[in-house]
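Colleague: 3D model of this:
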Amino acid sequence: MGKRKAITTKTITEWNKDFLFDILDNISDAVMINDADTTIVYVNKAYEEILGIPEHKAIGKKLRTLEPDAVAVQVIDTGRPSHNIVDYLKRLDIHAVGLSFPLYNQNDVIGAVSIFNNITEIEKLKNELYRTQQVTRYYQKELEKEHVSQSFSEYVYHEKKIEDLLLIASKVAKTNVTVLIRGESGVGKEVLAKAMYKESDRRKMPFIKVNCASIPEQLLESELFGYEEGAFTGAKRGGKLGKFELAQGGTIFLDEIGDMTFNMQAKILRVLQEKEVERVGGTKTIPLDVRVMAATNKDLESMIEKEEFRSDLYYRLNVIPLNIPPLRERRNDIIVLAQALLEKQNKDTGDSVTLSADTVKMLQKYDWPGNIRELQNVLEHANIIRTSTTIEVKDFPKYIIPNGYSLEAKKLDTFNLKENITFLEKEMIKEALTRNKNNKSKAIRELGISRRAFYEKLSRYGLE
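Modeller: Got it, this is the predicted structure:
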């Protein structure tokens, strides 16, 4: 390499320079010496090898300009040494660890010496281990909760509109496009998101859910993006990974995104555009490989007009909109869903509970403002209150029974299955005709039977 060079300053004087070089060039760690204004006045051979920067490109450069947050800059500014601190060199995208100490001339700081090594690969392994631990903890907490996790094949429905929705969702599931799931509270937006995740190529990677409405604004940013140690009062030692990092390689589900503040919407938009995240209190940008699904029960278009929701974020999210209709618009699904939910409860309890004919009628008459979630809750209530193996109307919460609602005078006082089915069919057809103002086409669609079967039953039961 030839005779090494350096800028002659108060930091490295002529009389001791060669002697100093001989020592430092035999050190296996990188060595850098800076002047009082952070100018690099010396680097050893290991510095060139470890950082990949030739001596002539380093000497004379100001470290404050190249890496303003570097530990050596802080040491020169404060006069305090630093030991075993991991230093991220943003310009080189490497992590280094070592020590840095100031050089004094009497009471004046005239420079600093830094001795360090590249630990980028170790840091990557440490971060991946930490991320894996965080994902494991997340799933342990999720497993403690009760979830209805479905795939498309497990969906229960009779309505054609649900069949059409699932057909589109199954196609979209195999792509990486952003999805916006819309629908009233309780229609099953998270269930649809999980079904799409289970059908996707990312199904072996994490599925991370964030309820944007349940987390205060001041905490949501650190929850989504994570934070570095010391970022704020109360920050955990070592920092914390955000939900986006936990979802790396998988899917993040932003539930109730319509409840997110305008300020947070801008930050989410940046993440979607740049595909990278920066932790609170951090300086390093972290590349993301995450599929985003979002859901809301809000009227986003109206919110955009009122300047409560960003139009640019709306168009980013609304690549593939999936609208789940409320339960009152899919009455053919009410009873099949009730039976499926009751079957699950039977499986959990080991019972064989059924619904009475009057209960079936009542469930179909109700409008279900809380949708499937409300249906599940009232069934659980009735299942606990019941006094026999059949759930009766009296077992349900009082608000479910409409004002003026009266049960048919005739009761199912026989255990003859054929007679009970005949009675139930007749009552359901009468109810469908009444509800649809005698519009037979609408009644047929609601009952989910063929036109031929419908008219045969009208004739058989004398309802023509």
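Colleague: in this structure Ile33 contacts Thr39, no?
Modeller: No: counting by CB atoms under 8 Å, Ile33 stays clear of Thr39, with 9.7 Å between them. C-betas here are computed from N, CA, C, even on glycine.
Colleague: those two - which one has more neighbours?
Modeller: Ile33 (23 against 19; other CB atoms under 10 Å).
Colleague: where does pLDDT dip in the stretch 151-300 of the chain?
Modeller: Judged by pLDDT under 70, the stretch 151-300 of the chain has its weakly predicted residues at 230, 233-235, 238.
Colleague: what ranges do the strands span in it?
Modeller: 179-182, 207-211, 226-227, 240-241, 251-255, 276-278, 285-287, 291-296 (DSSP state E, counting those that start in this stretch).
Colleague: tell me which of these sits most buried.
Modeller: Highest mean neighbour count among the strands of the stretch 151-300 of the chain (mean count of other CB atoms under 10 Å): strand 291-296, with a mean of 25.
Colleague: next structured bit after that strand?
Modeller: On the C-terminal side of strand 291-296, the closest following helix or strand by DSSP states H and E is helix 300-305.
Colleague: pull the distance from that following helix to the chain's centre.
Modeller: For helix 300-305, the separation from the chain centroid amounts to 23 Å (computed by CA atoms, centre = their mean, to the nearest Å).
Colleague: which helices and strands sit right next to that helix?
Modeller: helix 311-317 (3 or more CB pairs under 8 Å, 6 or more residues apart in numbering; DSSP states H and E).
Colleague: list the buried ones in the helix it packs on?
Modeller: Leu313, Tyr314, Arg316, Leu317 (16 or more other CB atoms under 10 Å).
Colleague: direction included, what does the helix or strand just after it pair against?
Modeller: Toward the C-terminal end, the helix or strand that comes next after helix 311-317 (DSSP H and E) is strand 320-323. If you go by DSSP bridges, strand 320-323 pairs up with strand 179-182 (parallel).
Colleague: ok, and what's touching the partner strand?
Modeller: 172, 189, 192-193, 196, 292-297, 300, 317-324 (CB atoms under 8 Å, 6 or more residues apart in numbering).
Colleague: out of the residues you listed, which are buried?
Modeller: 172, 189, 192-193, 196, 292-297, 300, 317, 320, 322, 324.
Colleague: quick check: of those, which lies closest to Lys347?
Modeller: Proximity of the buried ones among the contacts of strand 179-182 to Lys347 was ranked by CB to CB; the top entry is Leu192 with 22.7 Å.
Colleague: can I get the buried residues of helix 311-317 in a markdown table with pLDDT?
Modeller: As requested, the buried residues of helix 311-317 are arranged in a markdown table below (pLDDT from 0 to 100):
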| residue | pLDDT |
| --- | --- |
| Leu313 | 96 |
| Tyr314 | 96 |
| Arg316 | 94 |
| Leu317 | 94 |
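Colleague: which pair in these spans the largest distance?
Modeller: Tyr314 and Arg316 (7.2 Å).
Colleague: got the contact list for Ser170?
Modeller: Counting by CB under 8 Å, 6+ apart, Ser170 touches Phe152, Met196, Glu199.
Colleague: which of the residues you listed fall within helices?
Modeller: Counted as lying in helices by DSSP state H, out of these, are Met196, Glu199.
Colleague: pick the one among the contacts of Ser170 closest to Ser388.
Modeller: For the contacts of Ser170, the nearest to Ser388 is Phe152 (36.1 Å; CB to CB).
Colleague: gap between the closest one and Asp37?
Modeller: To Asp37, Phe152 is 65 Å away according to CB to CB, to the nearest Å.
Colleague: and those two? which has more neighbours close in?
Modeller: Phe152 (15 against 11).
Colleague: residues in contact with that one?
Modeller: Here Phe152 is in contact with Leu166, Ala169, Ser170, Ala195, Glu199 (CB under 8 Å, 6+ apart).
Colleague: tell me which of the residues you listed is nearest to Ala266?
Modeller: Once CB to CB is applied, the member of the contacts of Phe152 that ends up nearest Ala266 is Ala169, at 29.0 Å.
Colleague: so what's the residue count around the closest one?
Modeller: 21.
Colleague: thought it was touching Lys194?
Modeller: No: using CB under 8 Å, Ala169 is not in contact with Lys194, being 11.2 Å away.
Colleague: downstream neighbour of the helix or strand harbouring Asn377 in the secondary structure list?
Modeller: Per DSSP H and E, Asn377 falls inside helix 371-385. Counting by DSSP H and E, the element after helix 371-385 in chain order, helix or strand, is strand 390-391.
Colleague: summarise which helices and strands that next one is packed against.
Modeller: So strand 390-391, by 3+ CB pairs under 8 Å, 6+ apart, packs with strand 354-355, helix 371-385.
Colleague: tell me the strands beside that strand, with direction?
Modeller: Assessed with DSSP bridges, strand 390-391 is paired to strand 354-355 (parallel).
Colleague: which elements pack onto the helix or strand following the partner strand?
Modeller: Per DSSP H and E, the first helix or strand lying C-terminal to strand 354-355 is helix 357-365. Secondary-structure packing of helix 357-365 (3+ CB pairs under 8 Å, 6+ apart): helix 332-349, helix 417-435.
Colleague: so for the following helix or strand past the last one, what gets flagged as buried?
Modeller: Towards the C-terminus, the helix or strand next in line after helix 417-435, according to DSSP H and E, is helix 440-447. Within helix 440-447, the residues that qualify as buried are Ala443, Ile444, Arg445, Glu446, Leu447, counting by 16+ other CB under 10 Å.
Colleague: repeat for stretch 297-310
Modeller: For stretch 297-310, the neighbour count (16+ other CB under 10 Å) marks Asn297, Leu300, Met303, Ile304, Phe309, Arg310 as buried.
Colleague: distance to Ala453 added to these, as TSV?
Modeller: Output for the buried residues of stretch 297-310, formatted as TSV (distance: CB to CB, whole Å):
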residue	distance to Ala453
Asn297	37
Leu300	42
Met303	46
Ile304	47
Phe309	47
Arg310	51
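Colleague: of these, closest to Lys394?
Modeller: Nearest to Lys394 among these, with distances taken as CB to CB, is Asn297, at 32.3 Å.
Colleague: that closest one: what's its closest spatial neighbour, skipping adjacent residues?
Modeller: Nearest-residue entry for Asn297: Ser185, 4.9 Å, with adjacent residues in sequence omitted and distances by CB to CB, 6 or more residues apart in numbering.
Colleague: then Val290?
Modeller: Ala247 (4.8 Å).
Colleague: look up phi and psi at the one you found.
Modeller: The phi/psi pair for Ala247 (degrees, to the nearest 10) reads phi -90, psi 0.
Colleague: I'd say it and Lys209 touch.
Modeller: No: Ala247 is not in contact with Lys209 according to CB under 8 Å; the separation is 9.5 Å.
Colleague: burial of Pro68, as a residue count?
Modeller: The burial count for Pro68: 14, using other CB under 10 Å.
Colleague: tell me the secondary structure at it.
Modeller: Taking DSSP: H, G, I helix; E, B strand; the rest coil as the rule, one finds Pro68 in the coil state.
Colleague: quick check: buried residues in the host helix or strand of Ser459?
Modeller: Here Ser459, judged by DSSP H and E, is contained in helix 451-461. Across helix 451-461, burial judged by 16+ other CB under 10 Å covers Phe454, Lys457, Leu458.
Colleague: much appreciated, bye for now.
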